[in-house]
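In: need a structure here:
(2 chains)
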Amino acid sequence: MPHPYPAASAPACRGGGIPPVLPVLSALRGLLPRGGLVRGSVVAVTEFGLLCLALMAAASADGAWCAIAGIPEAGVLAAAGLGLDTERTLLVPAPGPAWPQVVASLLDGCELVLLRPPAPAPVQVRQRLEATLRRGRGVLLLAGDWPGAQVRLRVVTQRWTGLGDGHGRLRACCAEVAADGRGEAAVARTCRLWLPAQDGGIALADPADLPAGLPSGPPAGLPGTAPGLRAVSAG
Amino acid sequence: MSARGLTAGQPSRIMVVSCPELRDPDQDAEAARRHERVIAIVTGFCPDVEVVERGMCAFGVRGPARYYGGEQTLAARVTAAVADLGVRSRAGVADGLFAALLAARGRDPVTVIPSPGTARFLAAQPVSVLADQDLAGQDLVALLCRLGLRTLGDFAALPVHDVASRFGHAGERAHRLARGLDSRPLAACPPPADLSVAREFDPPEPRAGPVVFAAKALAERMHDGLAARGLTCVRVQVLATWADGRESSRRWRHDGLLSAAAVADRVRWQLDGWRPAPIDRGAHDDHCAEGGVTLLRLAPDQMVRAAGQQLALWGEAVPGDRVARAAMRVQAMLGHEAVLRPVLGGGRNVSDQVTPTPFGDRREPRLAAGRPWPGRVRGAAPGLVFPAARAAEVTDGSGQVVTVSGRCELSAAPARLAVRGEPPRRVTGWAGPWPLHERWWDPAAVRRRARFQLVTDDGRAWLAVVQDGRWLVEAGYW
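Out: Reported below is the predicted structural model:
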């Protein structure tokens, strides 16, 4: 059930009337421990890509303010196609050497901050930012490595369809996404996604409807799609 | 100028009222008082009066003359009113301030030079009148006399460029005067009141807290000053000076929406931005910078009439207080252009379709959306759009760089993609070239390029372009 989230100007509080998770697109729910981005937590994606933008889309469409820091190449158009509301998005392409302060300030105002730190974060900086996160209601989505992340996601393989040898155009990409983490996210899961699907959204990929040209089975050496993640429904 | 009922090219009619007895440079307080009363009398005829110098004032005569029934009548009434004070005065009316000043020197109490006759009147004046204008010194006048140029008419007959090359800037300005072209319009409007407010700190204040507290009181004073005049400011400039001479000046969006506390917040953020990062610092917490703040000044910028605020009913996501505060804090640290809000627009290239606008500025796309934009790459949008296209090299099976001819023919199928700084990748699928010839009508912006989509063996896809024979990677799909 979609929750009418209070606007970003609501006072910071935990519990209360604020749902404990930020929503994600339905296809991504299976990858995250509580079916969403738990407030106050760090979610790390190994490398910046469409997956990061997809994780922001549903929360933004639902009324949350989002910020993208340290990623000048973020494809806002693609993100908007997934559901990101550009009206409620802040971009800080170059947070500079004082990036921890910048991110802390952004977390004050935005519920979701996507960050690629310009430099590896020392332990104290990480702890301070995590404390800021726990105080507020935000989620730090990290493109890169963050040792204390509650959830870690990575794109294991991806394969584009639609492009031939001198003809066609890119249509859809089938990606295998793996998730692990700490605590309740410790169980490793993998999931096949259309990232993006032909209609521009994100959908679970069913091996039965993979187009010709894609291997029908999972790539060698990888576990198959987890049972229970087979339902095909676009966000 | 339209406010004075003038059209472009029409000379302004000026009346100069001169009281020779008040022009004495060393006069007593009584004379100064009489001078003030003369100005007050003249202001009764026309509110916009410029005091040219002691005992001499000027105003635009067109409007008042219409009201009083002619320039002659008006001048006579002004001199009569001044004479009631016991001050003898002379009035001169002509086109432009310079001619009017000369006319006011005439023998008669009132000299009116009709508009068509001003040039003739000026031409008959001796060049020595230029000496009174501080721009043309005695040297110029003596030189002109030695050259046999006795009247302004002789001087005005010289070609402009010759005067400029021989006599320089001062000569050129004197020449303009002689031709009846005034060098400036009357500055009759009262000078705008200085609505900026400042507070000095002696001794310098090393802590941010008291400075911010003072800023709140200053902001209240500034708002009162603006409100008393029915004005509001678009931005407010915060200027802080430190004891070691450094200055920090930043303009903050105001739009009449900020309270005194909100202005004080911005001062705090600005001071915060000058503090070293807390990570690198020890325990001393509330210190601004070395030496402390000596002066804090708030200056309203771009004043407009206060007309209230009306937000749009639909379709405008107004940043809440928390978001605005966060964004402005970051702007205080990194600068106005560092926090952006993207605006989706149109365009043929992926980088054109998003216009980042600084937070607080008007959000408008560079290229309008909703048009067809033929030639743009269709299909999935790339997840990565490189702010500057990355240099790359695409080679064919034999290692030769793939080229595209003017007729859009490929030399060979792409086989390898090497993005600069990364190991080469094998191309497993490709499509293109899709030519794009943009802005061919503008030699400075013309751009011809052929675009490709490439899929490489690591599963990634790329948007590559050939421009001027070079390969670039514009965007990545992953």
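In: give me the residue ranges of the chain where confidence is low.
Out: With no chain named, the answer covers chain A. Residues of chain A meeting the criterion pLDDT under 70: A:1-17, A:207-235.
In: let me rephrase: I mean chain B.
Out: B:1-11, B:25-27, B:132-138, B:182-193, B:256, B:274-290, B:307-318.
In: give me the number of residues near residue 163?
Out: All of this is about chain A. Using other CB atoms under 10 Å in any protein chain shown, A:Leu163 has 24 neighbouring residues. Every residue, glycine included, has its C-beta placed from N, CA and C.
In: should've been chain B
Out: Counted by other CB under 10 Å, the residues lying close to B:Val163 total 19.
In: and it, what is it in contact with?
Out: Going by CB atoms under 8 Å, 6 or more residues apart in numbering or on different chains, B:Val163 touches B:Phe155, B:Gly171, B:Glu172, B:His175.
In: likewise A:Gly168?
Out: A:Gly162, B:Gly429, B:Ala431 are the contacts of A:Gly168 under CB under 8 Å, 6+ apart.
In: ranges for the helices of chain A?
Out: Remark: helices assigned in chain A by DSSP state H are A:50-61, A:76-82, A:99-109, A:123-135.
In: what's the spacing between A:Asp199 and A:Thr157?
Out: Look at A:Asp199 and A:Thr157: by CB to CB, to the nearest Å, they are 22 Å apart.
In: name the residue of chain A that lies nearest to chain B.
Out: A:Gly109 (2.6 Å; CB to the nearest CB).
In: grab the nearest non-local neighbour of that residue.
Out: Nearest non-adjacent residue to A:Gly109, counting by CB to CB, 6 or more residues apart in numbering or on different chains: B:Ala326, 2.6 Å away.
In: so which strand or helix has that neighbour?
Out: In the assignment (DSSP states H and E), B:Ala326 maps to helix B:321-334.
In: follow-up on the earlier one: can you pick the most crowded of the contacts of B:Val163?
Out: Within those, most neighbours by other CB under 10 Å means B:Phe155, with 27 neighbours.
In: who has more neighbours, A:Asp199 and A:Thr157?
Out: Neighbour totals were compared for A:Asp199 and A:Thr157, and A:Thr157 leads with 17 against 13 (other CB under 10 Å).
In: nearest residue to the more buried one other than its sequence neighbours?
Out: Using CB to CB, 6+ apart, the nearest residue to A:Thr157 is A:Glu176, at 4.8 Å.
In: who's that neighbour bridged to?
Out: A:Glu176 forms beta bridges with A:Thr157, A:Arg192, as assigned by DSSP bridges.
In: quick one, what contacts A:Gly138?
Out: Counting by CB under 8 Å, 6+ apart, A:Gly138 makes contact with A:Arg39, A:Gly40, A:Leu107, A:Cys110, A:Glu111, A:Leu112, A:Val113.
In: next, give me the two most distant ones among those residues.
Out: Greatest spatial distance among those (CB to CB): A:Gly40 and A:Cys110, at 13.8 Å.
In: which one's more surrounded, these two?
Out: Shown here are A:Gly40 and A:Cys110; by other CB under 10 Å, A:Cys110 has more neighbours (28 against 19).
In: to what extent is residue 144 buried, counted in neighbours?
Out: Here I'm looking at chain A. Residue crowding around A:Gly144 was assessed by other CB under 10 Å; the count is 16.
In: actually, chain B is the one I wanted.
Out: Neighbours of B:Leu144 (other CB under 10 Å): 25.
In: picking up where we left off before, any idea how far the residue of chain A closest to chain B lies from B:Val42?
Out: The gap separating A:Gly109 from B:Val42 is 58 Å, by CB to CB.
In: the more surrounded of those two?
Out: A:Gly109 (26 against 22).
In: which residues sit in contact with the more buried one?
Out: Listed by CB under 8 Å, 6+ apart, the contact partners of A:Gly109 are A:Ala8, A:Trp65, A:Ala67, A:Leu90, B:Gly320, B:Arg322, B:Val323, B:Ala324, B:Arg325, B:Ala326, B:Ala327.
In: buried subset of these?
Out: Neighbour-count burial (16 or more other CB atoms under 10 Å in any protein chain shown) is assigned, among the contacts of A:Gly109, to A:Ala8, A:Trp65, A:Ala67, A:Leu90, B:Gly320, B:Arg322, B:Val323, B:Ala324, B:Arg325, B:Ala326, B:Ala327.
In: what bridges to the third one?
Out: According to DSSP bridges, A:Leu90, A:Val113 are recorded as the beta-bridge partners of A:Ala67.
In: pretty sure it sits against A:Arg88.
Out: No - judged on CB atoms under 8 Å, A:Ala67 makes no contact with A:Arg88 at a distance of 9.8 Å.
In: ok so B:Leu177 is a strand residue?
Out: No - with DSSP: H, G, I helix; E, B strand; the rest coil as the criterion, B:Leu177 is assigned helix and is not in a strand.
In: distance of whichever residue of the stretch 51-200 of chain B sits closest to chain A from B:Leu218?
Out: In the stretch 51-200 of chain B, no residue comes nearer to chain A than B:Arg199, which is 27.1 Å away by CB to the nearest CB. Separation of B:Arg199 from B:Leu218 (CB to CB): 6 Å.
In: overlap in contacts, these two.
Out: Common contact partners of B:Arg199 and B:Leu218 (CB under 8 Å, 6+ apart): B:Leu296.
In: the more surrounded of these two?
Out: Neighbours per residue (other CB under 10 Å) separate B:Arg199 from B:Leu218, with B:Leu218 holding more: 22 against 17.
In: in helices only, show me the contacts of B:Val163.
Out: Residues of those located in helices (DSSP H): B:Phe155, B:Gly171, B:Glu172, B:His175.
In: and of the contacts of A:Gly168, the nearest to B:Thr456?
Out: Here the nearest of the contacts of A:Gly168 to B:Thr456, counting by CB to CB, is B:Gly429; it sits at 8.8 Å.
In: who's in contact with the closest residue to chain A within chain B?
Out: Chain A sits closest to B:Ala326 of chain B, with a gap of 2.6 Å, by CB to the nearest CB. B:Ala326 sits next to A:Ser105, A:Leu106, A:Leu107, A:Asp108, A:Gly109, A:Cys110 when contact means CB under 8 Å, 6+ apart.
In: quick check: the residue nearest to A:Gly109 vs A:Glu111, distance?
Out: 11 Å.
In: stretch B:338-347: end-to-end distance?
Out: End-to-end span of stretch B:338-347 (CA to CA, to the nearest Å): 24 Å.
In: can I take it that B:Val304 is in a strand?
Out: Yes - B:Val304: assigned to a strand according to three-state DSSP.
In: test my guess that it contacts B:Arg229.
Out: No - at 11.3 Å, B:Val304 does not count as touching B:Arg229 under the criterion of CB under 8 Å.
In: who's B:Ala240 bridged to?
Out: Residues in beta-bridge contact with B:Ala240 (DSSP bridges): B:Ser248, B:Leu296.
In: my guess is it meets B:Val212, correct?
Out: No - counting by CB under 8 Å, B:Ala240 stays clear of B:Val212, with 10.8 Å between them.
In: any residues in contact with both of those two?
Out: The contact lists of B:Ala240 and B:Val212 share B:Val267, B:Leu271, where a contact means CB under 8 Å, 6+ apart.
In: that older thread, relative to A:Arg189, which of the contacts of A:Gly168 is nearest.
Out: Ranked by distance to A:Arg189 (CB to CB), the contacts of A:Gly168 are led by A:Gly162 at 27.8 Å.
In: what residues are up against the closest residue to that closest one other than its chain neighbours?
Out: Spatial nearest neighbour of A:Gly162, excluding adjacent residues (CB to CB, 6+ apart): A:Arg171 at 3.1 Å. With contact taken as CB under 8 Å, 6+ apart, A:Arg171 is in contact with A:Trp160, A:Thr161, A:Gly162, A:Gln198, B:Gly379, B:Ala380.
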